[in-house]
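> This is the structure alone, sequence omitted:
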């Protein structure tokens, strides 16, 4: 019922916004119609420029200035109607997001006999301690093991397995998630992602509620199970992505964590300046060879890009593909290219600075990426979404309207979507 009401609200507020935007045109057609047309054109150009970041990047910036001028003119002419339409659009967008959110009906899974939680007191600014995660785990018969400085996380996990652990959970950053996930995949054991890190990108795209740290522990109590892929580069597993070029270089700086924007800006001249572009050689489909790039991001499944809703998230983690994003640079101005592939290779003359799930590493070339399909058995609490925020997001505005109308009419195509039936397989 709440989703139906939200769908009604989203459609109604959209009509209100449309009506309010047409008032200036009716009142003063000579000024209102051109202003609204320019506004729509500016929005389209800005979106195109931001998505492509290639030949249209300057046009996109110029359109941003044009957009500001047009909005200023509209506000000066009919401020009440303009502010009213903007308010209606914002509220309608929020209602649409709620109505279109998906809940995956995951198959039930048996409760493990000896689940173990690895947790870090430093992760996420101390989230584990703030939410008393250790006590909450014990209350659920989950053994907590703290990750303290100087201790090898991999050795701790293997010691726990030797002691009889039959399910693994990790409350930490995505780098730690990848380490524990790799071992769980090797042993064919269920794995639970506890969102106690800073950004928790893997938890978000997996369908774990990032605002419910304690509730994520219920994955081992009454949770369901889904099977997802893992990425790999030169034998090292990643759950999110590997970044080369600008971000990979910036991560190597000691002060990056404390001053990310400043460090990135300081890194730009070294990476994109004369003679400073990373020595990266790669091929785009079908077999086009390139040299140099401002940034290359290889992800565990593809990211959704260029959309107002769900941008920067991965709709699926079980498509069995790598997502590749390349931002060209001075020597190879390819703009932005994106594609999917089961494997990818990057070569270079020397060692390559990289960021793997946000952690700084140095990789020896060639960098060989591959996807490990259906590698990891993930447990997710029953009351969590179980799917990415963009798993059910429409690609176009018209598709969104049709879906909202269907939900409002009682035809709820995404209330509880079942994942494809896949078995996890062990791959060492």
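Thanks, I have it. Not measured: the values here are computed from a predicted model. Numbering: from 1, shown residues only.

> alpha carbons only for contacts and neighbour counts from here, please
Fine.

> By mean pLDDT, which helix or strand of this structure comes out lowest?
helix 260-272 (a mean of 46; mean pLDDT, DSSP states H and E).

> Following the chain past it, name the next helix or strand.
Sequence-wise, the next helix or strand downstream of helix 260-272 (DSSP states H and E) is strand 281-284.

> Name the residues of whichever helix or strand comes after that next one that come out as buried.
Later in the chain than strand 281-284, the nearest helix or strand by DSSP H and E is strand 288-291. Residues 290, 291 are the ones in strand 288-291 that count as buried (16 or more other CA atoms under 10 Å).

> So, low pLDDT: which residues of this structure?
Low-confidence segments of the chain, defined by pLDDT under 70: 21, 23-82, 248-278, 306-311, 329-334, 393-395, 412-428.

> tell me the contacts of the residue nearest the centre of it?
Taking CA atoms, centre = their mean, the centroid of the chain lies closest to residue 313, which sits 3.0 Å from it. Counting by CA atoms under 8 Å, 6 or more residues apart in numbering, residue 313 touches 205, 303, 304, 305, 388, 389, 390.

> now with 6 Å?
By CA atoms under 6 Å, 6 or more residues apart in numbering, residue 313 lies in contact with 303, 304.

> what about it, which helix or strand?
Residue 313 is part of no helix or strand when elements are defined by DSSP H and E.

> quick one, helices of the stretch 1-150 of the chain?
Along the stretch 1-150 of the chain, counting by DSSP state H, counting those that start in this stretch, helices occupy 2-27, 29-52, 57-77, 79-100, 127-130, 133-139.

> ok, and what's touching the fifth one?
Contacts of helix 127-130 from elsewhere in the structure, counted by CA under 6 Å, 6+ apart, are 121, 196.

> in that helix, what counts as buried?
Applying 16+ other CA under 10 Å to helix 127-130 flags 127, 128, 129 as buried.

> Kindly provide the distance from the second one to residue 190.
This means residue 128. 21 Å (CA to CA, to the nearest Å).

> just the helices in the stretch 301-428 of the chain please.
Using DSSP H, counting those that start in this stretch, helices in the stretch 301-428 of the chain cover 397-408.

> Show me where it has its strands.
In the stretch 301-428 of the chain, the segments counted as strands under DSSP state E, counting those that start in this stretch are 322-329, 332-341, 343-346, 352-356, 359-363, 367-380, 416-417.

> out of these, nearest to residue 93?
strand 416-417 (21.6 Å; CA to CA).

> wait, doesn't residue 335 sit right on residue 328?
Yes: using CA atoms under 6 Å, residue 335 is in contact with residue 328, at 5.1 Å.

> Which of the two has more residues huddled nearby?
Taking residue 335 and residue 328 together and counting by other CA atoms under 10 Å, residue 328 has the greater number of neighbours (21 against 18).

> pretty sure that one contacts residue 294?
Yes: the pair formed by residue 328 and residue 294 meets the contact definition of CA under 6 Å, at 5.4 Å.

> Apart from its neighbours in sequence, what residue is nearest residue 405?
residue 7 (7.0 Å; CA to CA, 6 or more residues apart in numbering).

> burial count for that neighbour?
For residue 7, using other CA under 10 Å, the count is 27.

> Wait, it touches residue 404, no?
Yes: contact criterion CA under 6 Å: residue 7 and residue 404 qualify, at 5.2 Å.

> Other residues contacting the helix or strand encompassing residue 228?
Assigned by DSSP H and E, residue 228 belongs to strand 224-233. Applying CA under 6 Å, 6+ apart, the set of residues contacting strand 224-233 from outside is 106-109, 237-239, 300, 317-318, 368-380, 424.

> repeat for stretch 287-306
Under CA under 6 Å, 6+ apart, the answer for stretch 287-306 is 51, 231, 240-246, 278-283, 311-314, 317, 321-329.

> what's the answer for stretch 375-394, then?
Identification of contacts with stretch 375-394 by CA under 6 Å, 6+ apart yields 103-104, 185, 190-192, 205-209, 216, 218-219, 223-229, 310, 315, 400, 424-425.

> So residue 321 sits against residue 341, correct?
Yes: contact criterion CA under 6 Å: residue 321 and residue 341 qualify, at 5.3 Å.

> The two - which one has more neighbours?
Shown here are residue 321 and residue 341; by other CA under 10 Å, residue 321 has more neighbours (23 against 17).

> got the contact list for that one?
Shown in contact with residue 321 (CA under 6 Å, 6+ apart): 301, 340, 341, 342, 371.

> is the third one in a bridge, and if so with what?
Going back to what we said before, that points to residue 341. For residue 341, the beta-bridge partners under DSSP bridges are residue 322.

> Residue 295 versus that one, what's the distance?
Computed with CA to CA, the distance linking residue 341 and residue 295 is 18 Å.

> Could you do the second one as well?
Taking CA to CA as the criterion, residue 340 is separated from residue 295 by 17 Å.

> Those two: who's more crowded?
When residue 340 and residue 295 are compared for neighbours, residue 295 comes out ahead with 23 against 19, by other CA under 10 Å.

> Not counting its neighbours along the chain, what's nearest that one?
The shortest distance from residue 295 to any non-neighbouring residue, by CA to CA, 6+ apart, is to residue 245 (4.3 Å).
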